[in-house]
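Trainee: I would like to see how this sequence folds:
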Amino acid sequence: MTNKEFIEKYGNRELLDITDSLYTRLSVLKMNRGIGKFRISKRKKIVYFYIGGTIIHLEVAKVYSLTDDKLLSLLEQITLTLK
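Mentor: Below you'll find the predicted structure:
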């Protein structure tokens, strides 16, 4: 789900709310499973993952809609593609 689709379905305020809760979720993943560094841009509504010297950006709604396991496997596939 893209940010635009999420805003059309639920509204902009809900997207801002999930952006706040997403930081906590990603912080727990970082501590427990080592996803690496990340940064959330509230203005652009994008999550930046810093993996192996490259920056991968995903929309907030897409990251929120993925389960933890699917997010980890997606980042792992991207990492393998970059090598």
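Trainee: What helix or strand is the spatially most central residue of the chain located in?
Mentor: In the chain, the C-alpha closest to the average C-alpha coordinate belongs to Val63, at a distance of 3.8 Å (Cα atoms, centre = their mean). Assigned by DSSP states H and E, Val63 belongs to helix 60-65.
Trainee: Please apply the same query to Arg39.
Mentor: strand 37-41.
Trainee: Check which helices and strands that strand is in contact with.
Mentor: Identification of packing neighbours for strand 37-41 by 3 or more Cβ pairs under 8 Å, 6 or more residues apart in numbering; DSSP states H and E yields helix 12-33, strand 46-51. All C-beta atoms are positioned from the backbone trio N, CA, C, and that covers glycine.
Trainee: how deep is the nearest residue to Lys37 once chain neighbours are set aside tucked in, by neighbour count?
Mentor: Residue nearest to Lys37 in three dimensions, not counting chain neighbours: Tyr50, with 4.2 Å by Cβ to Cβ, 6 or more residues apart in numbering. Counted by other Cβ atoms under 10 Å, the residues lying close to Tyr50 total 13.
Trainee: quick one: contacts of stretch 62-73?
Mentor: Contacting residues not belonging to stretch 62-73 are listed as 1-3, 18, 22, 25-26, 29, 33, 35, 47, 74 [Cβ atoms under 8 Å, 6 or more residues apart in numbering].
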